[in-house]
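1. Structure of the sequence below:
(chains A and B)
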Amino acid sequence: MVPLLKRQLVDEAKWIGLEDFQQCIAIAQSFPGSLAVNGCVALGHYLLGWRGAVTAGASVLLPSVLVVLFCAANLPLLQQYRAAVPGLKAAATGLIALGAAVLVAPVLKSWGLVLETAAWLLVLMAFRVPATTMIVSAIILAFVRGASPRRVSRD
Amino acid sequence: MDWLRYIKIGLLGFGGGTAILPLVERELVVGLHVIPPEKFAEIVAVCAMVPGALAANLLMFMGYLQLSIPGMFGGLVAAVLPGAVCSYFTARSSRRAGPDSILTRTLMFLKPAVAALAVCAAIGIWRQSISDWMTLVLAVLALGALKLTHLNPALVVALAGSTTLLFSYLRS
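-> Numbers count the residues shown, from 1 in each chain, chains lettered A, B, ... in the order given. Below you'll find the predicted structure:
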């Protein structure tokens, strides 16, 4: 979705500059929920204040609402296409694997980060800590590290 | 209260659609039994194919399954509102979140955990989806198509679904 947004807003309509666009996306990534919605809210705010934020957010959600309503209302009809499900699941696996790769890539920069990621993975999969507990502890740890004063490098 | 679980997801779902999957599975599939575990991968696939954000679609769908239309909007609001509100206020207050701000640094330190969640989700979906050579081939092709071409992800998923649909048609 981000490349699409960039193409529409930065390149074609020229409503926002690249740096400001990236800043909005960075904000969107910082918070939970949907990147698409957060991003559109931030971008909408940039363009038109709170009215822009609300409009952009609602707009990006509208197709989803309509399609979910359609699927839910037509479940018997869609059941006829059950044979498509294995293919859908396979493709979704590819999609999610790609998403995972995108999130893993920044972490491969140093062995320390790799080990840390592996440790969290162990916590999730081997020790079977519930995802909620894991995320809350990760947030607390990250905040403690983020808020602590930076170490001054010695000469 | 059920809503608490949706709000939990809305508040803790860092890293976007992929990373929230383990959270959704734990809270809604295992916890609330909204759908049986075998169906989870299927619902995720449908939500990935549908336009819009995976996270929003998924939680709307789950909400609908629990409580029809009000449930759908409830799921949507719980999932999307916390992050959106935070984004709005951050966008309003600081044109620039500096590289040394607490927020930026916290996010940076969160990356390994988010990466682990994403990998966990990928493994989980893999286990549920890849059962024979065809699904494996389709998954690999889908990954290739997504990475190397500019095809819309929804289209890629739809094509894969059409392939198995076609095969099952030809077989009968």
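2. contacts and neighbour counts: CA atoms only from here.
-> Noted.
3. Please report the distance of residue B:46 from residue A:89.
-> Taking Cα to Cα, to the nearest Å as the measure, residue B:46 and residue A:89 are separated by 8 Å.
4. So, low pLDDT: which residues of the chain?
-> Picking chain A for this. Across chain A, the ranges flagged by pLDDT under 70 are A:151-155.
5. try again with chain B
-> Using pLDDT under 70, chain B drops low at B:1, B:94-100.
6. So what does the residue nearest the centre of chain A have for phi and psi?
-> Centroid-nearest residue in chain A: residue A:35, 4.2 Å away (criterion: Cα atoms, centre = their mean). Main-chain dihedrals, residue A:35, degrees, to the nearest 10: phi -60, psi -40.
7. If we ignore the residues flanking it in sequence, what's nearest residue B:2?
-> Distance criterion Cα to Cα, 6 or more residues apart in numbering or on different chains; nearest residue to residue B:2, sequence neighbours excluded, is residue B:32 at 7.7 Å.
8. Ramachandran angles for that neighbour?
-> According to degrees, to the nearest 10, residue B:32 has phi -100, psi -10.
9. Could you check how far it is from residue A:88?
-> 25 Å.
10. So the two - more neighbours on which side?
-> residue A:88 (34 against 14; other Cα atoms under 10 Å in any protein chain shown).
11. Helix or strand for the more buried one, just tell me which one.
-> helix A:85-104 (DSSP states H and E).
12. Tell me the buried residues in the strand or helix carrying residue B:154?
-> Element membership for residue B:154, per DSSP H and E: helix B:153-171. By neighbour count with 16 or more other Cα atoms under 10 Å in any protein chain shown, helix B:153-171 contains the buried residues B:153-154, B:156-165.
13. could you dump those residues to a markdown table with distance to chain A?
-> Below are these laid out as a markdown table (distance: Cα to the nearest Cα, whole Å):
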| residue | distance to chain A |
| --- | --- |
| B:153 | 7 |
| B:154 | 9 |
| B:156 | 7 |
| B:157 | 5 |
| B:158 | 7 |
| B:159 | 8 |
| B:160 | 5 |
| B:161 | 4 |
| B:162 | 6 |
| B:163 | 7 |
| B:164 | 5 |
| B:165 | 4 |
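14. What helices and strands are in contact with the longest helix that chain B contains?
-> The residue-count maximum for a helix in chain B (DSSP state H) belongs to helix B:54-93. Using 3 or more Cα pairs under 8 Å, 6 or more residues apart in numbering or on different chains; DSSP states H and E, the elements in contact with helix B:54-93 are helix A:18-30, helix A:35-73, helix B:2-12, helix B:16-24, helix B:37-49.
15. Please state the offset of the first one from the chain centre?
-> It stands for helix A:18-30. 12 Å (Cα atoms, centre = their mean, to the nearest Å).
16. near chain B at all, it?
-> Yes: against chain B, helix A:18-30 shows contacts by Cα under 8 Å from any Cα of the partner chain at A:23-24, A:27-30.
17. I'd like these written out as TSV, with neighbour count added.
-> Shown next, in TSV, are the residues of helix A:18-30 next to chain B (neighbours: other Cα atoms under 10 Å in any protein chain shown):
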residue	neighbour count
A:23	18
A:24	27
A:27	24
A:28	30
A:29	21
A:30	23
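18. helix, strand or coil for the closest residue to residue A:9 other than its chain neighbours?
-> Spatially, and ignoring its direct neighbours in sequence, residue A:9 is nearest to residue A:15 (5.6 Å; Cα to Cα, 6+ apart). Look at residue A:15: counting by DSSP: H, G, I helix; E, B strand; the rest coil, its state is coil.
19. which SSE is residue B:104 in?
-> Judged by DSSP H and E, residue B:104 forms part of helix B:102-129.
20. Report the next helix or strand after that helix in sequence order.
-> Following helix B:102-129 toward the C-terminus (DSSP H and E): helix B:133-148.
21. That following helix near chain A at all?
-> Yes: residues of helix B:133-148 contacting chain A under Cα under 8 Å from any Cα: B:135-136, B:138-143, B:146-147.
22. Now a ChimeraX select for only the buried ones of the residues you listed.
-> Typed into ChimeraX, the line below selects the buried ones among the residues of helix B:133-148 next to chain A, using 16+ other Cα under 10 Å:
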select /B:135,136,138,139,140,141,142,143,146
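23. how is chain B carved up into domains?
-> B:2-129, B:131-172 (automatic domain parsing).
24. Most tightly packed of those domains?
-> domain B:2-129 (a mean of 21; mean count of other Cα atoms under 10 Å in any protein chain shown).
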